[in-house]
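Chemist: need the 3D shape of this:
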Amino acid sequence: MQNYKKFLLAAAVSMAFSATAMAETLKMGIEAAYPPFNNKDASGNVVGFDKDIGDALCAKMKVEKCEVYVSDWDGIIPALNAKKFDFLVSSLSITDERKQAVDFTAPYYSNKLQFIAPKATTDFKPDADYLKGKVIGAQRATLAGTYLEDKLPDTEAKLYDTQENAYLDLTSGRLDGILADKYVQYEWLKSKDGSAYEFKGDPVVESDKIGIAVRKGDPLRERLNKALAEIKADGTYKKINDKYFPFSIE
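Modeler: Numbering: from 1, shown residues only. Got it, this is the predicted structure:
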């Protein structure tokens, strides 16, 4: 009889644990101002490559509900560490400086940094001599912004809270060019506003690894890594990639 009671108790605990696991909710943090990786559609819903990857990872981890929390770029890592969300999937470059504040998964895509400028500026060169005194835009607290400040000190770097605001100043004639992620620029150059602009020269950074961030020591990192490997193996990742790009960004 005692053994039977123990069996019932163990079964009840197991069922309660399973129900809790099945009812798990995870919160993903996204900037929602960096198309095509993350932005909002006409209805105000968060969309983009990052959002689709986050949803696919949650599905693989069998998370019952995956919620999206939008954060300004400048405060997105502090918001993660303040537990406003559980993981950050917002095209975040893996850097040594950021590794001091958060843990990263394996990269989920690779990018490059490249300049764009008006097509009419036929003499544009992505080198220090040409760019001396030029006004070049980049998003603040990004690899591009750091590159301008560290590698091109004689260039006037103008840093913005969002990539979209940098584009507004470029089209208004207040910038000579922009340095940003190639695949973000690729999307904008296809737009009506971007049609008068083009890539200039080769990428200045060839391998910018992008990862998902979690709080230091959070075991969620390993679950995300496992799910990422699974969506790459079963073709889910490729379907998401092909939805946004006619080439692999992995």
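Chemist: which elements pack onto the strand ranked longest in the chain?
Modeler: Ranked by residue count and defined by DSSP state E, the top strand of the chain is strand 197-215. In this structure, strand 197-215 packs against helix 76-81, strand 87-93, strand 102-104, strand 109-118, helix 143-151, strand 177-181, helix 182-189, helix 220-233, with contacts taken as 3 or more Cβ pairs under 8 Å, 6 or more residues apart in numbering; DSSP states H and E. Bear in mind the C-beta positions are built from the backbone N, C-alpha and C, glycine included.
Chemist: buried ones in the first one?
Modeler: Right, the one you point to is helix 76-81. Buried residues in helix 76-81, defined by neighbour count with 16 or more other Cβ atoms under 10 Å: Ile76, Ile77, Ala79, Leu80.
Chemist: what is the rounded mean pLDDT of it?
Modeler: Mean pLDDT, helix 76-81: 98.
Chemist: name the residues that touch it?
Modeler: 29, 31, 69, 71, 85, 87-88, 90, 92, 98, 101-102, 213-215 (Cβ atoms under 8 Å, 6 or more residues apart in numbering).
Chemist: list the buried residues of stretch 149-162.
Modeler: Leu152, Thr155, Ala157, Lys158, Leu159, Tyr160, Thr162.
Chemist: quick one on the thing from earlier: buried members of the contacts of helix 76-81 into PyMOL, please.
Modeler: Here is the PyMOL command that picks out the buried ones among the contacts of helix 76-81, judged by 16+ other Cβ under 10 Å:
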select buried, resi 29+31+69+71+85+87+88+90+92+98+102+213+214+215
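Chemist: got any ranges where the protein has weak pLDDT?
Modeler: 1-22 (pLDDT under 70).
Chemist: any idea which residue sits dead centre in it?
Modeler: Most central in the chain under Cα atoms, centre = their mean is Ser91, positioned 1.1 Å from the mean C-alpha point.
Chemist: correct me, but it touches Asp181?
Modeler: Yes - with contact defined as Cβ atoms under 8 Å, Ser91 reaches Asp181; the gap is 7.2 Å.
Chemist: any shared contact partners between these two?
Modeler: Joint contacts of Ser91 and Asp181 (Cβ under 8 Å, 6+ apart) are Asn111.
Chemist: what strand or helix carries Ile136?
Modeler: strand 135-139 (DSSP states H and E).
Chemist: list the buried ones in stretch 225-238?
Modeler: Neighbour count says stretch 225-238 has Asn225, Ala227, Leu228, Glu230, Ile231, Thr236, Tyr237 buried, by 16+ other Cβ under 10 Å.
Chemist: and it, how far from the chain's centre?
Modeler: Centroid separation for stretch 225-238 versus its chain: 17 Å, with Cα atoms, centre = their mean, to the nearest Å.
Chemist: show residues contacting it.
Modeler: Ile53, Ala56, Leu57, Cys58, Lys60, Met61, Thr105, Ala106, Tyr108, Ile212, Ser248, Glu250.
Chemist: just the ones in helices from those residues, please.
Modeler: Of the positions in the contacts of stretch 225-238, Ile53, Ala56, Leu57, Cys58, Lys60 sit in helices, assigned by DSSP state H.
Chemist: neighbour-wise, which one of these leads?
Modeler: Leu57 (28 neighbours; other Cβ atoms under 10 Å).
Chemist: quick revisit: so which of the buried residues of stretch 149-162 comes closest to Glu206?
Modeler: Leu152 (17.2 Å; Cβ to Cβ).
Chemist: much appreciated, bye for now.
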